[in-house]
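# I would like to see how this sequence folds:
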Amino acid sequence: MKKALFDDIGSYPLPEGITKEWLKEAFANLEPHKNALYKIIKEAMWQKINAGVEVPNYPQFQNMITQFSAPIMDDGRTEAPLLIKEEEARILELAALEEMAKEYKEKKGEKLKLRICVTGPIELYYSLFPPPVYIDVLSNIAKSIGRFIKHAIEEARNYEVKCASIDEPSMGLDPRIEEEGIITALELASEYAFRKGVDTQIHLHSPIFYETVCQTEGLKVIGLESASNPSLLTLIDEKQLDTYDKYLRIGVSRTDILSMAAEYDEIHHTNAFRDKGVLETVVNEYNSSEKVKKRLEKAYSFFEERIKYAGPDCGLGSFPNQELAYLVLKNTSAGVEEYYSDK
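Numbers count the residues shown, from 1 in each chain. Next up is the predicted model:
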């Protein structure tokens, strides 16, 4: 049995004492804040690595929409409407990780295998414009996203971009989104990474458009949030995955902290966000290594060798502190390892 790689989706809580307002200012006005910001990014990345994440995503602290929409709507950074200049298509966090990856390489004797995430062209289009879809506009957004991916791959020195994920959380959930233009946009966004042999993922919150994704040559791995919603596994046809040679990323730990806390409070008559220590109990209850192991086992009973990645359902940015986020990753690592050690 080929082992699935343990990755994470990206977002992560800010360290104690750091506000979103400070962070926004630091990204917008880098020089006076560079050392402090880079330190925050590098420390969060080390937490992911030390928790056992094999292909960690850069810590995504910024808003997933404005991180990419702001530069591609800035006339000074574009060469055509919504088409960012090649040299402007930078994911700033990667500069911080280049320094940290050098230290990793010296310690581990190998390059850090990194996952990058970019907000998908469909998500960006519908966040910026109402329907109908104008293909030329959508295509320029998609090309811009492809340039962010290209720059990340080309500029890597001490790390290797193992996986590039296109995040499309609204596909299948936003009723305005229609099939028109989806394949074209996703092909444009994923083309460079696909040609370079990087694992191309799509992160979905609903599998409704998974058949459309299967027809997109440049995307190889489809993500499912199957820890919080196990029924999603029944909606995917393994034969179709075989036909199109697609793989899955399986969610094996829950990240819906508000729902988990509410469920726990109702059963145990507590207040997880008020009573000290309860949230840690909640995380250990819903994401114990045993439950992680069972979720992975169930997924393999459906898809076997079509599983290529496994990890938390979604990002951990909604968690109230880094300690709880780290605990999710640590428990996930333990559960994944327990599953494979039994095989």
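# All the strands of the stretch 201-343 of the chain, in order from the start?
For the stretch 201-343 of the chain, applying DSSP state E, counting those that start in this stretch gives strands covering 221-224, 247-253, 307-312.
# I'd like those laid out as CSV, including mean neighbour count.
(Glycine included, C-beta is placed from N, CA and C.) As requested, these are exported to CSV (neighbours: other C-beta atoms under 10 Å):
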stretch, mean neighbour count
strand 221-224, 25
strand 247-253, 26
strand 307-312, 26
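# closest one to Lys39 among those strands?
Lys39 sits nearest to strand 307-312 of all the strands of the stretch 201-343 of the chain, at 24.3 Å, using C-beta to C-beta.
# on that earlier part again, CSV for the strands of the stretch 201-343 of the chain, including distance to Lys291?
Converted to CSV, these look like this (distance: least, C-beta to C-beta, whole Å):
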stretch, distance to Lys291
strand 221-224, 17
strand 247-253, 8
strand 307-312, 13
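# In a markdown table: those, plus mean pLDDT and distance to Glu323.
Output for these, formatted as a markdown table (pLDDT from 0 to 100; distance: least, C-beta to C-beta, whole Å):
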| stretch | mean pLDDT | distance to Glu323 |
| --- | --- | --- |
| strand 221-224 | 96 | 26 |
| strand 247-253 | 97 | 16 |
| strand 307-312 | 98 | 15 |
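# The stretch 1-150 of the chain: helices as residue ranges?
Assigned by DSSP state H, counting those that start in this stretch, the stretch 1-150 of the chain shows helices spanning 20-28, 30-50, 66-72, 93-108, 121-128, 135-155.
# among the ones you listed, which gets the worst mean confidence?
With a mean of 92, helix 93-108 has the lowest mean pLDDT of these.
# Let me know the angle separating it from helix 20-28.
90 degrees (axes from the mean of the first three to the mean of the last three C-alpha atoms, to 10 degrees).
# Would you mark the buried spots in helix 93-108?
Glu93, Leu94, Ala96, Leu97, Glu98, Met100, Ala101, Tyr104 (16 or more other C-beta atoms under 10 Å).
# if I look at the last one, how far off is Thr66?
According to C-beta to C-beta, to the nearest Å, Tyr104 stands 29 Å off from Thr66.
# again with the second one
In this structure, Leu94 and Thr66 are separated by 18 Å, where distance is defined by C-beta to C-beta.
# max-length strand in the protein?
strand 159-168 (DSSP state E).
# Quick one: name whatever helix or strand follows that one.
helix 182-195 (DSSP states H and E).
# Show me how far that next one is from its chain's centre.
17 Å (C-alpha atoms, centre = their mean, to the nearest Å).
# Flag every buried residue along that helix.
Ile182, Ile183, Ala185, Leu186, Glu187, Leu188, Ala189, Ser190, Glu191, Tyr192, Ala193, Phe194.
# ok, now which ones touch the closest residue to the fifth one other than its chain neighbours?
By that I understand Glu187. In space, and not counting its chain neighbours, Glu187 is closest to Gly218: 5.1 Å by C-beta to C-beta, 6 or more residues apart in numbering. If a contact means C-beta atoms under 8 Å, 6 or more residues apart in numbering, then Gly218 has Leu186, Glu187, Ala189, Ser190, Glu191, Ala193, Phe194, Thr200 as its contacts.
# Thanks a lot, catch you later.
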